[in-house]
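In: With the sequence up front, the predicted model follows.
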Amino acid sequence: MAGAVNPDTEARAMFFMITPNESSFQKVEDVPQYVQQATPFFVGLIVLELVVGFLKTGAPVVTLSDGLTSVSAGMISRIPLLFMRGCELTAYMFVWDRYRLLELPWDSAWTWWIAFLCVDFCYYWVHRLAHEVSFMWAAHQVHHSSEYYNLTTALRQSLTQQFTSWIFYLPMALIAPPAVFAVHIQLNFLYQFWIHTELIKNLGPLEWVLNTPTHHKVHHGRNSYCIDKNYGGILIIWDRLFGTFAAEKDKVVFGLVSPINTFEILHVQLHYYLYLGRRSTTFKTISDKCLTFINGPSWKPGKPRLGDHLDNPKLTGQEVPHDPSWSLPLQMYVIIHFLLALGTYQDAFDNKMTLSQFNMLGMTGYVLLTLTSIGFLIDQRPRAAVLEMLRCVLMVTMQRYGYMKPLLPTLAVTTQAFVSLSLLYWALRSFSQMFSIRKKTD
């Protein structure tokens, strides 16, 4: 079973300020769950960014709708881990057990540093191909879909990207023990959290070697000079070596080239796969249909493999992120129900070794339904009331059989009453809508 991490060690791990001695393990089972245990630091730094950002600019650095969508995407991306070991580590261990050529010592500082460089080098190519191969971009575009750049954006991860990224790390499995890889794949991810902020400016000489907030800010831009640049994880030297580096010039406009203008989380996660399917049907030849998924997102017949950006919308620098207005009471309602779902989500991870598959499926189904319904409410979709009513029915059922805990033990009765009132409200809204529609059709 993975060990616990000292809070001081966890905080330093986020900035890669951790030594080989305190992060070298012989067995995969002994490797701490650095990412999972870093959750309090994620929350703390997000709150700190909100406070500092407001003091510096007088405006919030993130909107509630965008921030909730980013956190929801991060939650969904980790749900597969409730049912299986991560694809990257599973594939890595398979190759190591059967095909390794050399066994570097797990407790050597040289092995630790070699693994650090190898993981970061492999990540560069994972990341680069995720931008240059359309079916991989379909997964990675989730991370770029926010029109803001803040610490919550770091949490906006893809549900499906892990199913393609694992292959790039397999060469390492020929020489480096799985436990060493398990440490560095997490440290690489943790480092990239804090660079998603506009509050940290130029870091001087470190900008030549490290991936920093200013470099990664460019990577998230949809300006023509920003697209397909700065792929590095921890080190920026790979971009400088392979010609994919770009320094910040004009004001960076964040997000996808064609903004999706929705906060419905399943659409955010999966819409590009549907787009590729529709796009492939517009081409006549089998080869062009297949190349739609393999070439770059901007590719069209007659263009280079990566296409070009001539058809991209022209930017003025005055673009405003999609931010629909919604009432304060609805915002408070959404926050409370999001926290209830977050509690169930965390409970599932804390008890995944003891929960039955049926209970696990029920809890994850409730979390997915909640995050989807929240997106419907933010987007103010016509069917939001019906979906929310059905979700509240599920919540009442879960409470009845003890599968959902209150936010605090002292609020058990209050939480039950709140959920019941929520069900009543949305039931009345749903029936009112159906009656209005029927009246119009008569």
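Out: Good, I have the coordinates. Note that the structure is predicted; figures quoted are calculated from it, not measured.

In: nearest spatial neighbour of E49, skipping sequence neighbours?
Out: Once flanking residues are discounted, E49 sits nearest to L151: 5.1 Å by Cβ to Cβ, 6 or more residues apart in numbering. C-betas here are computed from N, CA, C, even on glycine.

In: residues contacting the one you found?
Out: By Cβ atoms under 8 Å, 6 or more residues apart in numbering, the contact set of L151 is 42, 45-46, 49, 193-194, 196-197.

In: same thing with S373?
Out: Contacts of S373 by Cβ under 8 Å, 6+ apart are 384, 387-388, 391.

In: likewise H267?
Out: Contact analysis of H267 by Cβ under 8 Å, 6+ apart lists 260, 375.

In: buried set for the helix or strand in which it is found?
Out: H267 is located in helix 265-280, with elements delineated by DSSP states H and E. The neighbour-count check on helix 265-280 (16 or more other Cβ atoms under 10 Å) flags 265, 267-273, 275-276, 279-280 as buried.

In: If you count contacts, what does the next helix or strand after it end up packed against?
Out: Next helix or strand after helix 265-280 toward the C-terminus (DSSP H and E): helix 286-294. Helices and strands touching helix 286-294, by 3 or more Cβ pairs under 8 Å, 6 or more residues apart in numbering; DSSP states H and E, are helix 134-144, helix 265-280.

In: helices or strands next to the very next helix or strand once past helix 286-294 in the packing?
Out: Sequence order places helix 328-350 as the next helix or strand after helix 286-294, per DSSP H and E. Where contact means 3+ Cβ pairs under 8 Å, 6+ apart, helix 328-350 is packed against helix 64-78, helix 357-379, helix 412-441.

In: can you list the residues that contact helix 328-350?
Out: With Cβ under 8 Å, 6+ apart as the criterion, helix 328-350 contacts 36, 64, 68, 72, 75, 78, 81-82, 355, 360, 363-364, 366-367, 370-371, 374, 377-378, 395, 398, 403-407, 415, 418, 422.

In: And those residues, which of them are buried?
Out: Buried residues within the contacts of helix 328-350, counting neighbours by 16+ other Cβ under 10 Å: 64, 68, 72, 75, 78, 81-82, 355, 360, 363-364, 366-367, 370-371, 374, 377-378, 395, 398, 403-406, 415, 418, 422.

In: list the contacts for the residue sitting nearest the centre point of the chain?
Out: The chain has Q157 as the residue nearest its centroid, 1.4 Å off, counting by Cα atoms, centre = their mean. Neighbour list for Q157: 73-74, 77-78, 142-143 [criterion: Cβ under 8 Å, 6+ apart].

In: mind redoing it with 10 Å?
Out: Neighbour list for Q157: 70, 73-78, 139-140, 142-143, 189, 269 [criterion: Cβ atoms under 10 Å, 6 or more residues apart in numbering].

In: so what pLDDT did it get?
Out: Listed pLDDT for Q157 reads 96.

In: what does K251 give?
Out: Predicted confidence (pLDDT) for K251: 89.

In: Among the contacts of S373, which one has the most neighbours?
Out: When neighbours are counted by other Cβ atoms under 10 Å, E388 leads the contacts of S373 with 25 neighbours.

In: Is it possible to get TSV of the contacts of S373 that adds distance to Q331 and pLDDT?
Out: Putting these into TSV (distance: Cβ to Cβ, whole Å; pLDDT from 0 to 100) gives the following:
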residue	distance to Q331	pLDDT
A384	14	93
L387	18	94
E388	15	95
R391	17	94
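
In: Backbone torsions only: list them for the closest residue in space to I236 that isn't next to it in sequence.
Out: Leaving aside its chain neighbours, I236 sits nearest to N211 (4.8 Å; criterion: Cβ to Cβ, 6+ apart). N211 adopts backbone torsions of phi -80, psi 120, taken as degrees, to the nearest 10.

In: Flag the shaky bits of the stretch 1-150 of the chain, pLDDT-wise.
Out: 1-7 (pLDDT under 70).

In: I335: how many residues sit nearby?
Out: 13.

In: separation between it and I374?
Out: 10 Å (Cβ to Cβ, to the nearest Å).

In: Please apply the same query to T354.
Out: For T354 relative to I374 (Cβ to Cβ), the value is 29 Å.
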